[in-house]
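> have a look; sequence and predicted model below, questions after that.
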Amino acid sequence: MKLVTLAVAAFVVLLGGAGHATAGLLMPKGMGPSGPEKTFTFTFQEDLALLPTGSGTLHVRNSGLGDGSFWVTSGTLTINLFGGITVGTYTLVPLGPSVTLSPNGSFLADNLIYPLNNAASGVNPGPMNGNPSYLTNWGLVFAPGGSNPGIIPELNIYGNGANDYGFLGGEGPGEYIPWVPLGNQFTLTPAVVPEPSIPIMLVTGIAGLGYFGWRRRKLAVA
């Protein structure tokens, strides 16, 4: 089904469709991404790899779709040596939260994540085999960027449903390499907010004690 969807996207581009055409979902009036930014980390592992193929960070906001999803507004992906020709660093392509055609016409994507692992229950999951899944069948799109840019113009990580994920590289409409549409793994974890360090806490505590001591002396003199 992903092949059919991508073929339709390619057809839209060949007909002269807009570089950021949207499909399948209109945001209800008065709704939209909102709330404080949150951060998640993720790993991705190709079906034959013994270790994670890549990992990264996603910065998100509430999508406003009312289905528990978060819209990824920025992020990074690093593909390690197990990633073959895709090795390098990539940054998120700004798309979504509606289903949107990627800049080079390779993919339709929404850049949504579902932390409750229930993307198949979202408002527009695309063709999927049901939950669990952190990503819809549209998924996330990345392009070369960062400290060691990769060479694949666009990368799409997406959900097939039932804990199965796809990984495609897009060089343009209908041109896909690498092609690993099934059998991959994806994990998603909320980033841990670091606790204040012990030295900082000690300094804060000592400063507080000093202030109260000074205040007591001042009151006694008065």
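Looks like it arrived, so ask away.
> looking at this protein, which helix or strand does the model trust least?
strand 22-23 (a mean of 45; mean pLDDT, DSSP states H and E).
> surely V60 meets F40?
Yes - counting by Cβ atoms under 8 Å, V60 touches F40, with 6.5 Å between them. For the C-beta atoms, the positions are set from N, CA and C on the backbone; glycine is no exception.
> what do these two both touch?
70, 113 (Cβ atoms under 8 Å, 6 or more residues apart in numbering).
> counting by contacts, list what the helix or strand following the least confident helix or strand of the chain packs against.
The first helix or strand that comes after strand 22-23 along the chain, using DSSP states H and E, is strand 34-45. Packed against strand 34-45 by the contact rule (3 or more Cβ pairs under 8 Å, 6 or more residues apart in numbering; DSSP states H and E) you find strand 54-62, strand 70-79, strand 175-190.
> for strand 34-45, what is the average pLDDT?
For strand 34-45, the mean pLDDT works out to 93.
> just give the strands next to it in its sheet, each with its orientation.
Next to strand 34-45 in the sheet, as set by DSSP bridges, lie strand 54-62 (antiparallel), strand 175-190 (antiparallel).
> can you put those strands in JSON lines and add distance to E154, mean pLDDT and mean neighbour count?
Below are the strands paired with strand 34-45 laid out as JSON lines (distance: least, Cβ to Cβ, whole Å; pLDDT from 0 to 100; neighbours: other Cβ atoms under 10 Å):
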{"stretch": "strand 54-62", "distance to E154": "15", "mean pLDDT": "97", "mean neighbour count": "20"}
{"stretch": "strand 175-190", "distance to E154": "10", "mean pLDDT": "93", "mean neighbour count": "15"}
